[in-house]
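*Asks:* Just a sequence and a predicted model for now, questions to come.
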Amino acid sequence: MKHKSIAERIIELKNADLTLRDKLVQSGLLGEGYNEEMMELHTKNAEILNGIVDTIGYPTIDKVGIEANEAAWLVIQHAIGQPTFMKKCVELLEIAVSENEADPKNLAYLNDRIAAFEEKPQLYGTQFDWDENGELSPNLFDDLSKVNERRKSIGLNTLEEQTEVLRNQAKEENQTPPKDFEKRRQEIEHWKKNVGWSK
């Protein structure tokens, strides 16, 4: 590992993120729209990580070790209010994966998250949201058999299995579907325009 202090800083960013998420789960606020405190933390973490990327390039396993490499991906994955940063990082992550310096699963998740925000079909079906029936379901995705082939190729379970896993997790965390589906959809559309995902 070439950048020990930077690695430690990246892990601190991830830990702050997960601590806040746990707090929101405990207080039952996780599913209530995009929490203001979480939005601020995600923005701050993205700014710090962007500075790190500008300094050392993408935080690959060789540069920061496996734990900080995973932590960097989590920070990027959660930087949903920063489309430019996420798109910059997905290109760098593609290179890192091709050089065996990052996990292909992380690239699949990041590509899918960007596709979901841009209302394009996901290739791996990793991104889920509440549907009109109050069920947690995958966002728009490509052909199911192709999605499952791609998932298998990088060591993920089938989309059907993952749907069950995530629905059970949501129950355990007492997450509930939005009370007003249409209102939430409009709020998301408004937010996406505001931050630059859509015009």
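*Replies:* That came through fine.
*Asks:* lowest confidence element among the helices and strands of this structure?
*Replies:* Lowest on mean pLDDT, DSSP states H and E among the helices and strands of the chain sits helix 181-195, with a mean of 90.
*Asks:* Low-confidence regions, the protein specifically.
*Replies:* Across the chain, the ranges flagged by pLDDT under 70 are 30-32.
*Asks:* And the strands in the chain, which stretches?
*Replies:* Along the chain, counting by DSSP state E, strands occupy 128-130, 136-138.
*Asks:* Most tightly packed of those?
*Replies:* Mean neighbour count (mean count of other Cβ atoms under 10 Å) peaks for strand 136-138 among the strands of the chain, with a mean of 19. To be clear about C-beta, it is placed using only N, CA and C from the backbone, and glycine gets the same treatment.
*Asks:* That strand: partners in the sheet, and parallel or antiparallel?
*Replies:* Here strand 136-138 is paired, per DSSP bridges, with strand 128-130 (antiparallel).
*Asks:* Give me the residues contacting the partner strand.
*Replies:* The contact list for strand 128-130 (Cβ atoms under 8 Å, 6 or more residues apart in numbering) reads 116, 136-139, 163, 166, 177-178, 181, 184.
*Asks:* Distance to Trp130 for those - can I get that in JSON lines?
*Replies:* Output for those, formatted as JSON lines (distance: Cβ to Cβ, whole Å):
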{"residue": "Ala116", "distance to Trp130": "13"}
{"residue": "Leu136", "distance to Trp130": "6"}
{"residue": "Ser137", "distance to Trp130": "8"}
{"residue": "Pro138", "distance to Trp130": "12"}
{"residue": "Asn139", "distance to Trp130": "11"}
{"residue": "Thr163", "distance to Trp130": "13"}
{"residue": "Leu166", "distance to Trp130": "11"}
{"residue": "Pro177", "distance to Trp130": "4"}
{"residue": "Pro178", "distance to Trp130": "6"}
{"residue": "Phe181", "distance to Trp130": "7"}
{"residue": "Arg184", "distance to Trp130": "8"}
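*Asks:* which two of the residues you listed lie the greatest distance from each other?
*Replies:* Using Cβ to Cβ, the pair of the contacts of strand 128-130 lying farthest apart is Thr163 and Arg184, separated by 20.1 Å.
*Asks:* Any idea how many residues pack against the residue nearest to Gly134 when sequence neighbours are not counted?
*Replies:* Excluding the flanking residues, the one nearest Gly134 by Cβ to Cβ, 6 or more residues apart in numbering is Pro177, at 3.8 Å. Counted with other Cβ atoms under 10 Å, the neighbours of Pro177 add up to 17.
*Asks:* returning to that earlier point: could you dump the strands of the chain into TSV with distance to Asp103 added?
*Replies:* Formatted as TSV, the strands of the chain follow (distance: least, Cβ to Cβ, whole Å):
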stretch	distance to Asp103
strand 128-130	20
strand 136-138	21
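*Asks:* That concludes my questions; thank you for your assistance.
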